[in-house]
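K.L.:
Build me a structure from this.
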Amino acid sequence: MRTIHPILFAVVSLTNAAIAQFVPLTNSSTPHLDAKICPDASHVAFRDGASQLGIVDIAGPVERNLFTSTTSIVSSYVWAPDASGIYFTDGNQIRHVPTAGGTATLVAPALAGTDVRLWCIDPTGTSLYGTRRDAATNTAFLFRVPANGGSAPADLVSRTGTLDEVDIDETGSYVLLRRWNGTVPVPVTFERYDVAAGVALPMITINQRAESAHWITIGTHFVVAMASAAHPFAPQIARIAATGTIDFLVDEGGIAQRPYFPGTGEEVVFETDDPTVSGGTAIGMVPNHGGAVIMVPGTMPLFLNGTSTTGGLTVDPAITKIAISASTWVWQVPQIMVADIDETLHVHPRLTLGSQFLIDLDVPPGMIGAAALADGLTTSVPVMLPGIGGECWLDIAPGHMEIMLLGVAPATGGVVGSYTVPTLPAFQGLRVWVQGAVLDAALTGNFTHFGSLRVF
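P.N.:
Okay, the predicted model is just below:
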């Protein structure tokens, strides 16, 4: 049993993952767009925006070109679930190339129409899903093709206009797709294609820009970046139910865009503002069931994916590494950067007035776990203590910080504190900051990264 410390306090839910700073893996004149980390976190693939498909080894690193089209554009690609290779579009053709390199083999000959794109692959690695268009009739198609090239692509759904933002859930049962008609994706209708039944049904129509759609539960909830009623001029992170109900995982007023969910675990990663540097960029993590944002400060502006508002940000299914395509100024060639994730502190579930939540420090037996809340971050440099790795970003001035949890982990797990949010309207919208520390008996150890908590 874990040690339980009951305390009354108002705070918001959080999953806190200690995340190392980003490390550049590449430094070349080739643009590195649409970064996608492979399922075993050993490589990151990218496009150059034209004819090349490249890859960089995380442990090395070694940058390699896997394929160069001589006639067309490489517009999209997906990793095989076992990380053994990459499926990609060469113009209207679909090909496969091994991760280790070698000859690219043909999976499907040229599909009819235009704008052929691959979006996802089912968890078994059996079926690829993509889209194509017939410009003459303004019709878009969702198609499926066997990954082994055993049969021709088959159209599953046809709609007037455009189909995109295609994603498959972790079981392979439901395919998410976005449809729209016109020159811009407003309004958009999100649909759910039932693989077993072979039927696509509308879930919700949104009369504003909503993008970077990913399933976060099996066919019942997906996440997008869109403006909220409280913050109509900057994208936030919205969770949408298949029934059409919308709530927000992040609704802070700053920029929150390009959400990505790997189909496993709980954490949705996204681009946001860096609270430690004016104008800086951070990568945030938020639980898929609602909670607080844990920051990976960039300490400077980062321009992701060539300034596009989508793509270029992924996390591996085991939630061990984040990979991004980013540059440090707007005209610089985007490079690949990665950061490690070390999950230590959790505060969950999502908090509302009158609800209960836990602060959960996943520390080894015999180690000391501590967590503190503050009403702000330090206004100068972060606090560093001898023998403790990392930095404390909380405002430690008297009256601004309170230690909420302190305990020694028993043999069976970490340290947990149980709390209740008072039913006081004044607490709604309250924002505080949280950070943890893991220490041994000699009081040496590490700070976790800091997080922002809000009561909904």
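
K.L.:
May I have the beta-bridge partners of the nearest residue to A152 once chain neighbours are set aside?
P.N.:
Nearest non-adjacent residue to A152, counting by Cβ to Cβ, 6 or more residues apart in numbering: A108, 6.9 Å away. The C-beta positions use only the backbone N, C-alpha and C, and glycine is treated the same way. Beta-bridge partners of A108, counted by DSSP bridges, are I94.

K.L.:
What's the local residue count around D194?
P.N.:
Number of residues near D194 (other Cβ atoms under 10 Å) recorded here: 13.

K.L.:
what is it paired to in the beta sheet?
P.N.:
For D194, the residues forming beta bridges with it (DSSP bridges) are Y174, V199.

K.L.:
Repeat that for I168.
P.N.:
V175.

K.L.:
What are the boundaries of the strands in the stretch 51-200 of the chain?
P.N.:
Using DSSP state E, counting those that start in this stretch, the strands found in the stretch 51-200 of the chain span residues 52-57, 63-68, 74-79, 85-90, 93-98, 105-108, 114-121, 127-134, 139-146, 154-160, 162-168, 174-180, 188-194, 199-206.

K.L.:
buried stuff in the first one?
P.N.:
Read that as strand 52-57. Neighbour counts over strand 52-57 (16 or more other Cβ atoms under 10 Å) mark Q52, L53, G54, I55, V56 as buried.

K.L.:
State the distance from the last one to T103.
P.N.:
Taking Cβ to Cβ, to the nearest Å as the measure, V56 falls 21 Å from T103.

K.L.:
circling back to that earlier point, out of the buried residues of strand 52-57, which is nearest to L453?
P.N.:
Nearest to L453, judged by Cβ to Cβ, of the buried residues of strand 52-57 is V56 at 35.4 Å.

K.L.:
From one end of stretch 181-188 to the other, what's the distance?
P.N.:
Chord length of stretch 181-188, first to last residue, is 8 Å (Cα to Cα, to the nearest Å).

K.L.:
now it, how far from the centre of its chain.
P.N.:
24 Å (Cα atoms, centre = their mean, to the nearest Å).

K.L.:
List the contacts of G102.
P.N.:
Applying Cβ atoms under 8 Å, 6 or more residues apart in numbering to G102 gives no contacts.

K.L.:
Check the gap between it and F67 for me.
P.N.:
In terms of Cβ to Cβ, G102 sits 10 Å off from F67.

K.L.:
ok, longest strand in the protein?
P.N.:
Using DSSP state E, we find that the single longest strand of the chain is strand 335-348.

K.L.:
Show me what counts as buried in that one.
P.N.:
335-341, 343-348.

K.L.:
and the angle from that strand to strand 52-57?
P.N.:
Here the directions of strand 335-348 and strand 52-57 differ by 60 degrees (axes from the mean of the first three to the mean of the last three Cα atoms, to 10 degrees).

K.L.:
and the angle for the helix or strand that strand 335-348 is followed by with strand 335-348?
P.N.:
Next helix or strand after strand 335-348 toward the C-terminus (DSSP states H and E): strand 356-361. Relative orientation of strand 356-361 and strand 335-348, computed by the same axes, to 10 degrees: 130 degrees.

K.L.:
Assumed G306 was part of a strand.
P.N.:
No: assigned with DSSP: H, G, I helix; E, B strand; the rest coil, G306 falls outside any strand and is helix.

K.L.:
quick one: contacts for it?
P.N.:
With Cβ under 8 Å, 6+ apart, G306 has these contacts: P31, L33, G49, G312, S325, S327, P334.
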